[in-house]
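1. Here is my input, please return the structure:
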Amino acid sequence: MSAFAWIELLEQNPALLAVVAILFGLIIGSFLNVVILRLPRMMEEEWARDCAELAADRAAANATVPEPSTPRLSLSAPPSTCPACGHRIRAHENIPILSYLLLRGRCSSCGVGISPRYPIIEGFTALLTLAVVMQFGLTWQTPPALLLTWALIALALIDYDTQLLPDSIVLPLVWLGLILSLFGLFADSQAAIVGAVAGYLSLWSVFQLFRLATGKEGMGYGDFKLLALFGAWLGWQFLPQVILLSALTGALFGVILIAVGRHHRDKPMPFGPFLAAAGWISLIWGDAINQAYLRISGLG
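-> Numbers count the residues shown, from 1 in each chain. I've put the predicted structure just below:
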């Protein structure tokens, strides 16, 4: 069956399309678990190597840089293992969600519990994949929207864990958004260019004013780049919506965590997850939200 025949079949069978989207999302979610866990470690290894190369003392460099025979960590190597016993995870133990249920959430070798976070991320990725496919259908918008969705999941969780937003993910997506604007998939090129610049400078200005007033840094440079990403993809017109949604969700989440004793008010909270959530909401339902606001306010 040709690719066009498959597309026609999926267009005529929404239920089959939903099943395919969910299964594909589960597979991607399993890969995202690897990215979320390994990419920050890969960044730390690279920083250590850079520092060692700049060190004048050879002994200090030898103590920091892995030996040439030591394999570098990557997204594909070494194979995934149990962190407790080192048992290599086999293919049938790595089926999204199903393997976790069959193993009852434990390593097949040592019996140590496996974090439920892994199947949760897989299921969450599947749900967001389904939402994108249902929103855009089988159009040219769907592949880049899916790519952005999966990247945002990884960015949000990496930032939550480490307070890092890797340039290796963010910057290529900024350029991709600008390239897509040449074809008008989500925004025209003028709106995208202005959006990228305005997105970066708006949070950069807030950062500088906050630091001037308090002597503290209220957010990281990765947040500026992430908002620039949404400006490049959605256009400058959606930046107020993204900023407002991220601020509201961040404030609400922070208050809830403080109220239940899960977070101290003096401890910084990463803003990236809330920016990512707000940007994704604007990608999927941004037009509907703007129209609803105009209708309710009487401006539409």
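2. Report the distance from stretch 219-233 to the chain centre.
-> 12 Å (Cα atoms, centre = their mean, to the nearest Å).
3. buried set for that stretch?
-> Within stretch 219-233, the residues that count as buried by 16 or more other Cβ atoms under 10 Å are 219-220, 222-233. (C-beta placed from N, C-alpha, C; glycine too.)
4. Report the rounded mean pLDDT for the helix or strand where residue 143 lies.
-> Counting by DSSP states H and E, the element that carries residue 143 is helix 142-162. The average of the pLDDT scores along helix 142-162 is 97.
5. re the thing from before, dump the buried residues of stretch 219-233 into JSON lines; add distance to residue 292 and secondary structure as well.
-> Listed next are the buried residues of stretch 219-233 as JSON lines, based on distance: Cβ to Cβ, whole Å; DSSP: H, G, I helix; E, B strand; the rest coil:
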{"residue": "219", "distance to residue 292": "29", "secondary structure": "coil"}
{"residue": "220", "distance to residue 292": "32", "secondary structure": "coil"}
{"residue": "222", "distance to residue 292": "31", "secondary structure": "helix"}
{"residue": "223", "distance to residue 292": "27", "secondary structure": "helix"}
{"residue": "224", "distance to residue 292": "29", "secondary structure": "helix"}
{"residue": "225", "distance to residue 292": "29", "secondary structure": "helix"}
{"residue": "226", "distance to residue 292": "25", "secondary structure": "helix"}
{"residue": "227", "distance to residue 292": "23", "secondary structure": "helix"}
{"residue": "228", "distance to residue 292": "26", "secondary structure": "helix"}
{"residue": "229", "distance to residue 292": "25", "secondary structure": "helix"}
{"residue": "230", "distance to residue 292": "20", "secondary structure": "helix"}
{"residue": "231", "distance to residue 292": "22", "secondary structure": "helix"}
{"residue": "232", "distance to residue 292": "25", "secondary structure": "helix"}
{"residue": "233", "distance to residue 292": "21", "secondary structure": "helix"}
